[in-house]
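Chemist: need the 3D shape of this:
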Amino acid sequence: MNAEVSSDPRGDAGWHGVRVLVLGASGYIGTHLVPFLAARGATVRAAARRADALASRSWPRVETVRADVMDEASLDAALAGIDIAFYLVHSMAAGSDFPRLDREAAARFAAAATRAGVRRIVYLGGLQPKGRISAHLASRSETGQVLRKGAVPVTELRAGIIIGPGSAAFEVIRDLVFHLPVMVTPRWVSSRSQPIALADVLEYLGRLPLLAEAAGAVFDIGGPEVLTYKELMLQFGELVGRRPLIVPVPVLTPQLSSYWLDLVTAVPANVARALIEGLEHDVLADDAPIRALIPRRLLTYREAAQAALAVEQQAGDGQRWTEGSMRFRQERADFAFYAKRMSAQAICSAPAESLWHTVASIGGEQGYYFLDRLWSVRGCLDRLVGGVGMRQGRHHPTDLALDDRIDFWRVAALEPGRRLTLLAEMKLPGAAALEFEVVPLAADCSRLTVTAYFHPAGAPGLVYWHVLTPVHAVLFTGMVHSMAARAARAPHQGMQPARG
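Modeler: Got it, this is the predicted structure:
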């Protein structure tokens, strides 16, 4: 029988024995909410559409599962035995059809939660400004309405700008302030908002589900100050020793603004577009009800920004590349949190062991399997600007260990037989990583995926990435297919053990 939801805000003790599902655990809020609840004694099941997106988190005492809101069987399995379910999914990346997909997803989830006997659904939506609202914010509101049509009581929180590492609004501020000393900005920099600290959002999410009186209620949440986006940038600049000159102009529409942000920041275009649409008007919170129910001192914007910078410095790193990892950003807070990325994939008619041997042999005398002359030119250019070039070679033709040098790369993460992550040590306007993943498909068939990640250092880094995108597309596609062909010609090769 599911645990009862308390009417007494007992703080952390109230979570002991409560079974929780966080759907959308690989997203911004979910990534922070899962360990927050687990640390307070909840039994947490983290779910996302892609299970591999959760595998790198290394959360102790947390169960991770695959769940797709469009797949009833996966929802039923994820919700089995759950007391409280956090719904943190949206379909913004699906294009213009996202409102319909969000409606359908919310309806399916509400029905599955009813079948599972869930006691409460908690949904984090967006503040609703007065007057005309964007399609994104309208869809967030509609999602809450659809969830409430189900039989399970829903607690909805509506937040505006959240200040924390990985938040789109915060990352736009970081990129603009660190890398543009002079900004010609749209009119929305004068729009007012109530930025709220990630820590305060987590506290509200961690307290409201335990209160019976919050069932069926909708709460606006906001920080203690009303600030314009221009003031947010100026205050962040003071924190990090920058003094940007901000010049608002009336000609940049929200659509043009989203294109502009795509050029000068690394925040994903669909996320930036939703952010801009939401900033077209003042977005203020009617937060008196939540303050009365849960009295607490809220962090100011400056305190929240300081905490965000501190949190990412203290965060531990998993066994592979993860978005925003300081380890893969060279411990540089001024390098973009979000990475530009490119992937190529090939199916290999050889066992995974043979394909892994090919991956583990990369670099040094073996080379890079495709356009080696181009790799040599890159090494020479690196030497000319004071980099290491390719003179490091590699210590062993096939054997690998963490921190090994391979030409101008370093082995940053290693899962023998499965995944190799290389961190670039060449001179770059940003931080780069190259990841190889081998997945067995059958006894004599496997798949190789190569993914390049690049955290740009401002406009120079973005220019570097965009200029080389066509070259990288040819290079990585050719590499992955050549490696698959090489492994297929030598299927007898075995996996080499890792050292250390």
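Chemist: number of nearby residues for residue 467?
Modeler: 10 (other C-beta atoms under 10 Å). Where you see a C-beta, it was placed from the backbone N, CA and C, and this is true even at glycine.
Chemist: distance check, it against residue 351.
Modeler: 39 Å (C-beta to C-beta, to the nearest Å).
Chemist: what about the chain, any weak spots by pLDDT?
Modeler: Of all residues in the chain, those with pLDDT under 70 make up the ranges 1-13, 91-97, 131-132, 250-260, 273-274, 277-279, 315-319, 491-500.
Chemist: domain map for it?
Modeler: Here the domain parsing of the chain from automatic domain parsing is 11-314, 326-489.
Chemist: now render those domains as TSV, adding distance to residue 320.
Modeler: What follows is the domains of the chain, written out as TSV (distance: least, C-beta to C-beta, whole Å):
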stretch	distance to residue 320
domain 11-314	5
domain 326-489	5
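Chemist: buried residues of stretch 76-95, list them for me.
Modeler: Buried residues in stretch 76-95, defined by neighbour count with 16 or more other C-beta atoms under 10 Å: 77-79, 82-92.
Chemist: can you tell me which of the residues you listed is closest to residue 180?
Modeler: residue 92 (25.5 Å; C-beta to C-beta).
Chemist: just checking, residue 156 is part of a strand?
Modeler: Yes. Residue 156 forms part of a strand when assessed by DSSP: H, G, I helix; E, B strand; the rest coil.
Chemist: my guess is it meets residue 221, correct?
Modeler: No. Contact criterion C-beta atoms under 8 Å: residue 156 and residue 221 do not qualify, at 10.4 Å.
Chemist: so which residues of the stretch 151-300 of the chain form strands?
Modeler: Ranges of strands in the stretch 151-300 of the chain, per DSSP state E, counting those that start in this stretch, are 154-159, 162-163, 182-185, 192-193, 196-197, 218-221, 227-228, 245-248.
Chemist: tell me which of those strands is the most buried.
Modeler: Mean neighbour count (mean count of other C-beta atoms under 10 Å) peaks for strand 162-163 among these, with a mean of 26.
Chemist: give the other helices and strands that that one contacts.
Modeler: Applying 3 or more C-beta pairs under 8 Å, 6 or more residues apart in numbering; DSSP states H and E, we find strand 162-163 packed against helix 168-179, strand 196-197, helix 198-207, helix 301-314.
Chemist: apart from its neighbours in sequence, what residue is nearest residue 332?
Modeler: Nearest residue to residue 332 in three dimensions, chain neighbours excluded: residue 431, at 7.0 Å (C-beta to C-beta, 6 or more residues apart in numbering).
Chemist: how close does that neighbour get to residue 390?
Modeler: For residue 431, the distance to residue 390 - C-beta to C-beta - is 19 Å.
Chemist: hang on, the earlier thing: what's the closest of the helices and strands packed on strand 162-163 to residue 17?
Modeler: Closest approach to residue 17 among these is made by helix 198-207 (15.3 Å; C-beta to C-beta).
Chemist: what sits up against the closest one?
Modeler: 9, 11, 15, 29, 32-33, 36-37, 40, 86, 122, 124, 157, 159, 162-165, 167, 219, 221, 223, 290, 294, 296, 298-299, 304, 307-308, 311 (C-beta atoms under 8 Å, 6 or more residues apart in numbering).
Chemist: check the offset of the longest helix along the chain from the chain's centre.
Modeler: Selection of the longest helix in the chain by residue count, based on DSSP state H, yields helix 458-489. Computed by C-alpha atoms, centre = their mean, to the nearest Å, the chain-centroid distance of helix 458-489 equals 23 Å.
Chemist: kind regards, and thank you for your time.
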